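1. Predicted model, plus sequence, below.
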Amino acid sequence: MGNVEQENIHGLGRRDVLTAGGTLVAGAMASAVASEPADAQPRPRQGSGSRNDAPVGARLQGVQHFGLTVQNMERAYEFYTQVLGGTEVFRHGDFQGDAVQNTLLADQEIVAAEKHVDAATIGVPDLRGGSQRLDVRFIQFDNMVLELLQYRDSNEPMGTPNSFAEPVQHMSPAFPRMMHICFYVRDDVDFNKFITDLEAESARRGMNQVRANRTIRVHSEAERRAAPQSANTNRVTQAPSDGWELIYCKGPEGEQLEFVKALGPVKKRFSDAFAARQRLVSTR
């Protein structure tokens, strides 16, 4: 379950990522409602070395973005912008070269060397030599930024449905290292209807793999589709999670998504925890 952001969180800042001898600006501001003005000045330093000597956590501004590697860039982009309503920040691509290879893939090249196998056989692209390229698109939501990444062969155009590596076949959320993206549904939205409409809109666009689970036992896709709309929402009543409404759903790339509402007691717990963290950070 994802953290619930509060209404007065201000911008998390900007981060520059150097790649391929150039600069890729890795993101717009990720904020709940209010963003830092474009002409905002850097905050004054608290004294020589004070910030750099603080605990590691005190030197962070929060989570800047989540990244999702996709097989079909255009399909994923359409889902996250046209269906879920995100706004494109920018796109950049055709990344190649030694610097980007080392920055992103050095650990996997070491694994391949230790296994005495060709790096390509364990899914490592050759950005260094330019046989493969990397493209990215950043999408802004109310309180987070999503980065879509696609590794493709150099002879494939940007936005191709053909990725360099084949998709992971088993997508159970129980696998270690699996991650999910959780979207926060507005308090006044009918959750059951939202899930129904999400599946219908996705299917209308040919994204039939966008399927939400049901809260009742089903044994086939036909049974899942025939389940009553009331089975779209798991309402949690047991503390400390009382107030959650949630369901898991697969996205158009097979990625694991979650949709939640946080009401009543659980919403207050997140609010109190956020306020406590703000007080703690302000003293560092």
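-> Yep, it's here. Numbers count the residues shown, from 1 in each chain.

2. how about the helices in this protein?
-> Here the chain has its helices, by DSSP state H, at 73-78, 98-115, 191-204, 221-226, 264-282.

3. so which of those helices is the most packed in?
-> The highest average neighbour count among the helices of the chain, using mean count of other C-beta atoms under 10 Å, belongs to helix 73-78 at a mean of 20. In short, each C-beta sits where N, CA and C put it, glycine included.

4. Looking at the helices of the chain, which is nearest to residue 147?
-> Closest to residue 147 of the helices of the chain is helix 73-78 (C-beta to C-beta; 11.0 Å).

5. re the thing from before, nearest to residue 171, of the helices of the chain?
-> Closest approach to residue 171 among these is made by helix 73-78 (14.8 Å; C-beta to C-beta).

6. outside of that closest one, which residues touch it?
-> 68, 70, 88, 135, 137, 139, 148, 150, 158-161, 205, 207, 251-253 (C-beta atoms under 8 Å, 6 or more residues apart in numbering).

7. try 6 Å this time
-> Residues from elsewhere that reach helix 73-78 (C-beta atoms under 6 Å, 6 or more residues apart in numbering): 70, 137, 148, 150, 159, 252, 253.

8. Next, work out how far apart the first one and residue 147 are.
-> In other words, residue 70. Per C-beta to C-beta, to the nearest Å, residue 70 is found 10 Å from residue 147.

9. quick one, which of those two is more surrounded?
-> Legend: neighbour count by other C-beta atoms under 10 Å for residue 70 and residue 147, higher for residue 70 (25 against 17).

10. Local confidence estimate at the more buried one?
-> pLDDT recorded at residue 70 is 93.

11. That one is in contact with residue 253, isn't it?
-> Yes - using C-beta atoms under 6 Å, residue 70 makes contact with residue 253 at a distance of 4.8 Å.

12. What number of neighbouring residues does the spatially closest residue to residue 113 that is not a sequence neighbour come out with?
-> With sequence-adjacent residues excluded and distances taken as C-beta to C-beta, 6 or more residues apart in numbering, residue 113 is closest to residue 119, at 8.0 Å. For residue 119, the neighbour count with other C-beta under 10 Å is 17.

13. try residue 246
-> If we define neighbours as other C-beta under 10 Å, then residue 246 has 22 of them.

14. Next: residue 135.
-> Around residue 135 there are 21 other residues, counting by other C-beta under 10 Å.

15. Return the distance of the nearest residue to it once chain neighbours are set aside relative to residue 251.
-> Take residue 135 and drop its neighbours on the chain: the residue closest to it by C-beta to C-beta, 6+ apart is residue 93, 3.2 Å away. Taking C-beta to C-beta as the measure, residue 93 falls 21 Å from residue 251.

16. next one: residue 161
-> Residue 161 sits 15 Å away from residue 251, taking C-beta to C-beta as the criterion.

17. How about residue 136?
-> Taking C-beta to C-beta, one finds residue 136 at 17 Å from residue 251.

18. same check, this time on residue 242
-> 28 Å.

19. Show the contacting residues for residue 137.
-> 77, 91, 148.

20. Mind doing that once more with 10 Å?
-> Going by C-beta atoms under 10 Å, 6 or more residues apart in numbering, residue 137 touches 70, 73-74, 76-77, 80-81, 86, 88-93, 146-150, 158-159.
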